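1. for reference, the sequence and a predicted model appear below.
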Amino acid sequence: MENSTPVPASDRRMRRRSELVTFFILAFGIWPILAVAAVGGFGFMVWMYQIIAGPPGPPA
């Protein structure tokens with residue numbers, strides 16, 4: 001059952017603003033940093049593996 005009490009327009013505006021700020025922080029702040037960290041972490045793992053196991057290619 002839905003609550004039929006009307007929400008004041010100022011509350012709706014504040015909630016929308018809060019959601020937009022949260023979206024922009026996630027979209028342009030946190031996710032790009034996590035993407036760069038993931039790609040960099042994978043590259044680091046490959047680099048470390050190649051230091052231990054040797055470079056890829058046919059056997060000598």
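-> Right, received. Where do you want to start?
2. quote the end-to-end distance of stretch 51-60.
-> Start and end residues of stretch 51-60 are separated by 17 Å (Cα to Cα, to the nearest Å).
3. ok, now how distant is Thr5 from Glu19?
-> 21 Å (Cβ to Cβ, to the nearest Å). All C-beta spots, glycine's among them, are computed from the backbone N, C-alpha and C.
4. whoops, Ala38 was the one
-> From Ala38 across to Glu19, the span is 26 Å (Cβ to Cβ).
5. how many residues are close by Pro56?
-> Pro56: 8 surrounding residues under other Cβ atoms under 10 Å.
6. number of nearby residues for Gly43?
-> As a burial measure, Gly43 scores 10 neighbours (other Cβ under 10 Å).
7. got the buried residues for the strand or helix carrying Arg12?
-> Assessed by DSSP states H and E, Arg12 sits inside helix 9-25. Judged by neighbour count (16 or more other Cβ atoms under 10 Å), helix 9-25 contains no buried residues.
8. so which residues make contact with the longest helix along the chain?
-> Longest helix in the chain by number of residues (criterion: DSSP state H): helix 31-53. Contacts to helix 31-53, defined as Cβ atoms under 8 Å, 6 or more residues apart in numbering, come from residues Pro56.
9. and the angle for it with helix 9-25?
-> If you take axes from the mean of the first three to the mean of the last three Cα atoms, to 10 degrees, helix 31-53 sits at 20 degrees to helix 9-25.
10. pLDDT score assigned to Glu2?
-> The model reports Glu2 with a pLDDT of 64.
11. for burial, what's the neighbour tally of Pro59?
-> Neighbourhood size, Pro59 [other Cβ under 10 Å]: 4.
12. swap in Phe28?
-> Look at Phe28: counted by other Cβ under 10 Å, it has 10 neighbours.
13. quick one: mean pLDDT over the longest helix of the chain.
-> On average, the pLDDT along helix 31-53 is 96.
14. buried stuff in it?
-> By neighbour count with 16+ other Cβ under 10 Å, helix 31-53 contains no buried residues.
15. if I look at the residue nearest the centre of the chain, how far off is Phe23?
-> In the chain, the centroid-proximal residue (Cα atoms, centre = their mean) is Trp31; its distance is 2.3 Å. Distance, Trp31 to Phe23, by Cβ to Cβ: 11 Å.
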